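J.: sequence unknown, structure follows:
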């Protein structure tokens, strides 16, 4: 479908890979889009649909400075714009400084306290527990002593994860690991824990393949009513078994959709939501793994007839335009090219992916994260970066670099 009124600009904050999809989804409609990110090489800023880049970034130690910078962006654009944050940190920032930012920007109005609970795995665990949403058994040790005293409560294998995953990834290049013994747990905990900031949790490992991870992408209006809610599942992940979607499929799951919409209504959430569950065949429950109160990187996996997605729905709602009937594109597949190439090799090496199955897995792919005929430069840039890293990557995988 074509959006009729496209006069309201959009400002995307934090222009990583998900922002590139936002630029394309709205930019192809003719909507003026601007990007804000401290890194000039961020994928969203490389898009032909990005009218202008503003090289600012959120310093959580000095948030007032970022407020002034964004207000300057709004003043330069010269009219009320829609503000779309794409990271947990910027989503909370917008909620906390909503009053000041509303001078130049429109966005869903959320409670900062609710968002802080959602982005923290500990806060999320407490919140879903209060609302009866199933989740894996989880412990939150605050020290190595707590870990050692909890060993009798856990079963191996288990997941060692970051309470704030982005913070852990920035320090350790990973958000979680699977551990298989008490000794491995202790060693990994000592390696991954941040001194003075307990940020690790122990979570029950739910057996099953990666295709048992189901996702919900939706948009909730000012009354917390779901205006679009689409579900799908992961086929492959990067890194394997513990990472983001590298290949996924849009597929209706009424249980996941109902569970999510009721939960979001109960807590009064507004805006775009990305949430993940794992199906536990032992008790037949879908158990929530993480909640992202923002646009998810893989939101273009979830598309309805007429190319409607959560970002277009947000735009239509905030600009007072009518929304079309939502009919999911069942079977639509989407991938991140470089991530899926790497993860496919890992699945093959562990013996869980055969060549014929790998070839067949690309049937139904309608869109990729990087490649786009009308916006080719980000893909070219990604391929060039990949080629430059290929020799060192090959040495690392073969073990030569380590030796």
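T.: Perfect, thanks for sending it. This is a predicted model, so every value here is computed, not measured.

J.: next secondary structure after the helix or strand where residue 345 lies?
T.: Using DSSP states H and E, the element containing residue 345 is helix 337-349. Per DSSP H and E, the first helix or strand lying C-terminal to helix 337-349 is helix 355-360.

J.: can you pull the buried residues of that next one?
T.: Neighbour-count burial for helix 355-360 flags residue 358 (criterion: 16 or more other CB atoms under 10 Å). Every C-beta, even on glycine, is put in place using the N, C-alpha and C of the backbone.

J.: what's the average pLDDT for that helix?
T.: When pLDDT is averaged over helix 355-360, the result is 97.

J.: is the closest residue to residue 108 other than its chain neighbours in a bridge, and if so with what?
T.: The shortest distance from residue 108 to any non-neighbouring residue, by CB to CB, 6 or more residues apart in numbering, is to residue 271 (3.3 Å). For residue 271, the beta-bridge partners are residue 220 (DSSP bridges).

J.: how far away is residue 271 from residue 217?
T.: Residue 271 sits 12 Å away from residue 217, going by CB to CB, to the nearest Å.

J.: residue 49 now?
T.: Counting by CB to CB, the gap from residue 49 to residue 217 is 21 Å.

J.: check residue 5 too.
T.: On the measure of CB to CB, residue 5 and residue 217 end up 24 Å apart.

J.: and if you look at residue 272?
T.: Applying CB to CB, the value for residue 272 to residue 217 is 8 Å.

J.: average pLDDT across stretch 47-54?
T.: The model assigns stretch 47-54 a mean pLDDT of 98.

J.: same question for stretch 155-170.
T.: 92.

J.: re the thing from before, higher neighbour count, residue 49 and residue 217?
T.: Neighbours were counted for residue 49 and for residue 217 using other CB atoms under 10 Å; residue 217 has more, 26 against 22.

J.: ok, the more buried one - contacts?
T.: With contacts defined as CB atoms under 8 Å, 6 or more residues apart in numbering, the neighbours of residue 217 are 229-232, 272-274, 296, 298-299, 301-302, 309-310.

J.: could I get these as a markdown table with neighbour count?
T.: Listed next are those as a markdown table, based on neighbours: other CB atoms under 10 Å:
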| residue | neighbour count |
| --- | --- |
| 229 | 24 |
| 230 | 27 |
| 231 | 22 |
| 232 | 29 |
| 272 | 26 |
| 273 | 25 |
| 274 | 21 |
| 296 | 23 |
| 298 | 24 |
| 299 | 25 |
| 301 | 28 |
| 302 | 26 |
| 309 | 24 |
| 310 | 28 |
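
J.: ok, the residues you listed vs residue 113, which is closest?
T.: residue 273 (16.8 Å; CB to CB).

J.: can you tell me which residues contact the closest one?
T.: Contact analysis of residue 273 by CB under 8 Å, 6+ apart lists 216, 217, 218, 219, 220, 260, 264, 291, 292, 293, 294.

J.: need the three-state assignment for it.
T.: Using DSSP: H, G, I helix; E, B strand; the rest coil, the structure places residue 273 in strand.

J.: any idea how far it is from residue 293?
T.: 6 Å.

J.: could you do residue 255 as well?
T.: Taking CB to CB, one finds residue 255 at 21 Å from residue 293.

J.: higher neighbour count, these two?
T.: residue 293 (26 against 14).

J.: residue contacts, the more buried one?
T.: Going by CB under 8 Å, 6+ apart, residue 293 touches 88, 91, 110, 114, 115, 118, 119, 269, 271, 273.

J.: so residue 93 sits against residue 66, correct?
T.: Yes: applying CB atoms under 8 Å, one finds residue 93 in contact with residue 66, separated by 6.9 Å.

J.: max-length strand in the protein?
T.: Looking across the chain with DSSP state E, the single longest strand is strand 226-238.

J.: I appreciate the help and will end here.
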